[in-house]
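1. Here's my sequence, what's the structure:
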Amino acid sequence: ARYVVVDDEGHQFNIADKAVHFSMNPPNSPNAADKLFGEFCEAQKATEEDIQKELEISPELLELAWEEALESAEIDGATATLTPSNLVELVHSHAASQIEKYKAWKFLQSSLAHVFFKEIKDHGRIASFKAKARKAVDAAKQAFCNDHEDSDLCLV
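-> Numbers count the residues shown, from 1 in each chain. Now for the predicted structure:
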């Protein structure tokens, strides 16, 4: 399948399905769709730190989400995964909006989130994030803190 995509400057591109990294269902109302498109364009340009602040997810909350994913998997006997929607719901106790899902998806790909989670792909797209094992997280924290000494994660 191929899609016609319009960027924030009005340029159209014809792209293959495998080139789509993230998709969302737009609102039916043109005004709401335009608003979402504007928010999406801003979120694309945002830094990891900006996204983290906008989502109000501290390193401690991310670590708690990781622990929750591990515990849920131990109880259910399932894979310890987390979706962007799950992250927003867990941290903020409400269903994620389309833009919150995108920001959480982007945040879960950050260097901080990679300490706790690795990407799980479905048909070439990142669909969810698998919680790393405790030993892997300990090693990843050490490596992360060697490069990011000023991070809140490294202050403990």
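2. contacts, neighbours, all on C-alpha from now
-> Noted.
3. per-residue confidence for the spatially most central residue of the chain?
-> Note on the chain: the residue nearest the mean C-alpha position is W105, at 2.1 Å, using CA atoms, centre = their mean. As predicted, W105 sits at a pLDDT of 95.
4. Tell me which residues touch the closest residue in space to it that isn't next to it in sequence, please.
-> The shortest distance from W105 to any residue other than its chain neighbours is 5.1 Å, reached at P84 (CA to CA, 6 or more residues apart in numbering). Listed by CA atoms under 8 Å, 6 or more residues apart in numbering, the contact partners of P84 are 101-102, 104-105, 108, 128.
5. Repeat the analysis, applying 6 Å as the threshold.
-> Neighbouring residues of P84 by CA atoms under 6 Å, 6 or more residues apart in numbering: 101, 104-105.
6. cool, N25 as well?
-> Contacts of N25 (CA under 6 Å, 6+ apart): none.
7. Am I right that it is in a strand?
-> No - looking at N25 with DSSP: H, G, I helix; E, B strand; the rest coil, it is coil, so not inside a strand.
8. what's the spacing between it and L64?
-> Distance of N25 to L64, given as CA to CA, to the nearest Å: 29 Å.
9. From one end of stretch 115-131 to the other, what's the distance?
-> 9 Å.
10. Give the buried residues for it.
-> 115-119, 125-131 (16 or more other CA atoms under 10 Å).
11. Which one of these is nearest to E149?
-> When the buried residues of stretch 115-131 are compared for distance to E149 (CA to CA), V115 wins out at 14.1 Å.
12. Can you tell me the element the nearest residue to the closest one once chain neighbours are set aside falls in?
-> Excluding the flanking residues, the one nearest V115 by CA to CA, 6+ apart is A140, at 5.1 Å. Applying DSSP states H and E as the criterion places A140 in helix 134-147.
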